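S.K.: Predicted model and sequence follow; I will ask about them next.
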Amino acid sequence: MSLVRLNIKGISYSQTQNGAYALILNEIDGDRKLPIVIGAFEAQSIAIALEKEIRPPRPLTHDLFKNFADRFDIIVKQVIIHKLVDGVFYSSLICERDKIEEIIDARTSDAIALALRFDAPIFTYKNILDKAGIYLKVNPKKGDDEQEDSVLVDDLVSDELEHDIPQESFKSKTLEELHNLLDEAVANEDYEKAAKIRDEISKR
């Protein structure tokens, strides 16, 4: 079976499953998306790995695994999403130590959080993408009534596949206040809020 390489398109909040998020993966050489429902902690860990500027005050679980692996010269070479059963994705970490490869079973959300920290590529098999992949059309043309052209994944899709949570306004804050809020959010490990504050600072 041929492997298809994926990258991370975004993370979106689920309005129908409380506390759940959708991780949207995109095939690199195609237009199909692979939506995977993940928990809040895993979504936070993946978001932190994507947001290079946000550093948690203490290591998260996936950071600890990375530090542990570095200490003992273990490398995660790649992640393969290898099975789909009853809507649940199964993944493997392909690791290497002393030129010996080992395959470790992992939840897909954990595997992707680690892949980001090791700069490891993410793959799935073509038959899984054929089965679960979708063509996601954002902002369909007005007057286009064909339902097949617009796919809504569990009410998870916004214009940029970002969080569909009510936005807290930071526009009225000064830059100094924003920097103080950013420090406070990171100290409280509220990385979602920290990312929004950082975006507002970047706009200034």
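M.R.: Noted; the coordinates are in hand. The model shown is predicted, which means the values in this text are computed figures rather than measured ones. Residues are numbered from 1 along each chain as shown.

S.K.: Select the helix or strand of the protein having the lowest average pLDDT value.
M.R.: Here the helix or strand of the chain ranked lowest by mean pLDDT, DSSP states H and E is helix 191-203, holding a mean of 76.

S.K.: which of the residues in it are buried?
M.R.: Within helix 191-203, the residues scored as buried using 16 or more other CB atoms under 10 Å are 191, 192, 193, 194, 195, 196, 197, 198, 200, 201. C-beta here means a position set from N, CA and C on the backbone, and glycine is covered the same way.

S.K.: and it, what does it pack onto?
M.R.: helix 40-50, helix 175-187 (3 or more CB pairs under 8 Å, 6 or more residues apart in numbering; DSSP states H and E).

S.K.: Counting by contacts, list what the strand or helix carrying residue 124 packs against.
M.R.: If you go by DSSP states H and E, residue 124 is part of strand 122-125. Secondary-structure packing of strand 122-125 (3+ CB pairs under 8 Å, 6+ apart): strand 3-13, strand 75-85, helix 108-118.

S.K.: Save those as a markdown table, and put in mean neighbour count and distance to residue 187 too.
M.R.: Below are the helices and strands packed on strand 122-125 laid out as a markdown table (neighbours: other CB atoms under 10 Å; distance: least, CB to CB, whole Å):
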| stretch | mean neighbour count | distance to residue 187 |
| --- | --- | --- |
| strand 3-13 | 19 | 23 |
| strand 75-85 | 18 | 30 |
| helix 108-118 | 24 | 22 |
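
S.K.: which one of these lies closest to residue 22?
M.R.: Nearest to residue 22 among the helices and strands packed on strand 122-125 is strand 3-13 (4.9 Å), distances taken as CB to CB.

S.K.: Mind telling me which of the helices and strands packed on helix 191-203 the model trusts least?
M.R.: Of all these, the minimum mean pLDDT falls on helix 175-187 (a mean of 83).

S.K.: Packing partners of that one?
M.R.: Right, helix 175-187 is packed against helix 191-203 by 3+ CB pairs under 8 Å, 6+ apart.

S.K.: can you list the domain ranges for the chain.
M.R.: Domain segmentation of the chain under automatic domain parsing yields 3-164, 166-204.

S.K.: Compute the number of surrounding residues for residue 104.
M.R.: By the criterion of other CB atoms under 10 Å, residue 104 has 13 neighbours.

S.K.: so what's it bridging to?
M.R.: Beta-bridge pairing of residue 104 under DSSP bridges involves residue 93.

S.K.: Just confirm it contacts residue 92, I think it does.
M.R.: Yes: contact status for residue 104 versus residue 92: in contact at 6.6 Å, counting by CB atoms under 8 Å.

S.K.: ok, back up a step: most packed of the domains of the chain?
M.R.: domain 3-164 (a mean of 16; mean count of other CB atoms under 10 Å).

S.K.: before we move on, back to that, chain center to the strand holding residue 124: distance?
M.R.: Centroid displacement of strand 122-125 relative to its chain, using CA atoms, centre = their mean, to the nearest Å, is 15 Å.
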